[in-house]
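A.B. asks: Give me a 3D structure for the following:
(2 chains)
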Amino acid sequence: MARSINIIYFAWVRERLGIDQEQVSLGDEIETIADVLSMLGEREAAYADILADVEKLRFALDQDYGLSTSLIGSAKELAIFPPVTGG
Amino acid sequence: MIKIEVGPADFDIGAETLHVAGQGGGAIASFVGQVRDDGNLASLELEHYPAMTQKALGEIAEKAVSDWVLHAVTIVHRVGKLSVGDNIVLVITGSDHRQAAIESCSFIMDKLKTVAPFWKKETRADGAVKWIEERASDVEASEKWKR
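C.D. replies: A predicted model of the protein is given here:
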């Protein structure tokens, strides 16, 4: 079954990728956030470079924090951003 | 009792304090964070993830209300371009007792800094631009709350 997810980027991740969000189709083999990152990196080398260090990235699935090992499941939105610095 | 506002507009500390005071108790604690002048900062830009910000701040406030006896919690956080001395964040808690008000206010700030999806980008007087990085001391302060 064809799935898709909206990926949304913030702060330096957004600036370096040059895009704030994109709708991406997910193959059946894509199960985790790490799988999505690998897929993006294979699609475009710039992504592989920018998203290489998961320690410097934070993730949210449908506005709840997740880890790179988190399952995508039926989430509609994946956010990728640096550690937060508000307050 | 929980009031959360995120947007570019400045806040009125006096009016917000009266709003919390008006909801009962006699102990009100507040924290105001402003853009710090560290020598050559020209401006600060705050970005956020609107769909998640409200949810994250709401969860922090709900946790405070469940862990301390509070009459009111107000969180206001600004976004957009700010200058030195501008207000960034306001947290006010109202309780019957000093300790609950102060502790819960501190808890909310510690969690806000490490969980709420805001990002600061600074522009220096010479035009250099840099995204501010997470501080280990903020992470430690957030993790010390065993709740």
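
A.B. asks: What are the boundaries of the strands in the chain?
C.D. replies: Just going to use chain A. A:3-9, A:21-26, A:58-61, A:64-66, A:77-81 (DSSP state E).

A.B. asks: ah, I was thinking of chain B
C.D. replies: Assigned by DSSP E, the strands in chain B fall at B:2-7, B:27-34, B:41-48, B:70-78, B:80-82, B:87-95, B:118-124, B:129-131.

A.B. asks: for the fifth one, packing partners?
C.D. replies: Judged by 3 or more CB pairs under 8 Å, 6 or more residues apart in numbering or on different chains; DSSP states H and E, strand B:80-82 is in contact with strand B:41-48. Using the backbone N, CA and C atoms, a C-beta is placed for each residue, glycine as well.

A.B. asks: gap between residue B:79 and chain A?
C.D. replies: Remark: distance between residue B:79 and chain A (CB to the nearest CB, to the nearest Å) = 9 Å.

A.B. asks: rewinding a little: need the strands of chain B in TSV (columns: mean neighbour count and mean pLDDT).
C.D. replies: Shown next, in TSV, are the strands of chain B (neighbours: other CB atoms under 10 Å in any protein chain shown; pLDDT from 0 to 100):
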stretch	mean neighbour count	mean pLDDT
strand B:2-7	16	98
strand B:27-34	17	98
strand B:41-48	18	97
strand B:70-78	24	98
strand B:80-82	15	98
strand B:87-95	24	98
strand B:118-124	19	97
strand B:129-131	13	97
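
A.B. asks: Please give me every residue in contact with residue A:70.
C.D. replies: Contacts were defined as CB atoms under 8 Å, 6 or more residues apart in numbering or on different chains; by that measure residue A:70 touches A:32-33, A:59, A:61.

A.B. asks: nope, residue B:33 is what I meant
C.D. replies: A:87, B:87-90, B:109.

A.B. asks: And residue B:7, by the same measure?
C.D. replies: Listed by CB under 8 Å, 6+ apart, the contact set of residue B:7 reads B:78-79.

A.B. asks: who in chain B is up against chain A?
C.D. replies: Residues of chain B lying near chain A by CB under 8 Å from any CB of the partner chain: B:33, B:46-49, B:51-52, B:55-56, B:77, B:88-89, B:109, B:112-121, B:131-134, B:138.

A.B. asks: Try it again at 6 Å.
C.D. replies: Neighbours of chain A within chain B, by CB under 6 Å from any CB of the partner chain: B:33, B:47, B:49, B:51-52, B:55, B:89, B:112-113, B:116-120, B:131-132, B:134.

A.B. asks: which one's the longest helix in chain A?
C.D. replies: Ranked by residue count under DSSP state H, the longest helix found in chain A is helix A:33-43.

A.B. asks: and that one, what other elements does it pack with?
C.D. replies: Other elements packing on helix A:33-43 under the criterion 3 or more CB pairs under 6 Å, 6 or more residues apart in numbering or on different chains; DSSP states H and E are helix A:45-50.

A.B. asks: pLDDT averaged over the helix it packs on - what is it?
C.D. replies: Averaged across helix A:45-50, pLDDT comes to 96.

A.B. asks: And for stretch B:133-147?
C.D. replies: Averaged across stretch B:133-147, pLDDT comes to 93.

A.B. asks: what separates it from the chain centre, distance-wise?
C.D. replies: Chain-centre distance of stretch B:133-147: 15 Å, with CA atoms, centre = their mean, to the nearest Å.

A.B. asks: cool, stretch B:94-103 as well?
C.D. replies: Here the centre of stretch B:94-103 is set off from its chain's centre by 17 Å, with CA atoms, centre = their mean.

A.B. asks: for it, which positions count as buried?
C.D. replies: Buried residues in stretch B:94-103, counted by 16 or more other CB atoms under 10 Å in any protein chain shown: B:94-95, B:100-103.

A.B. asks: Brilliant, that's me finished.
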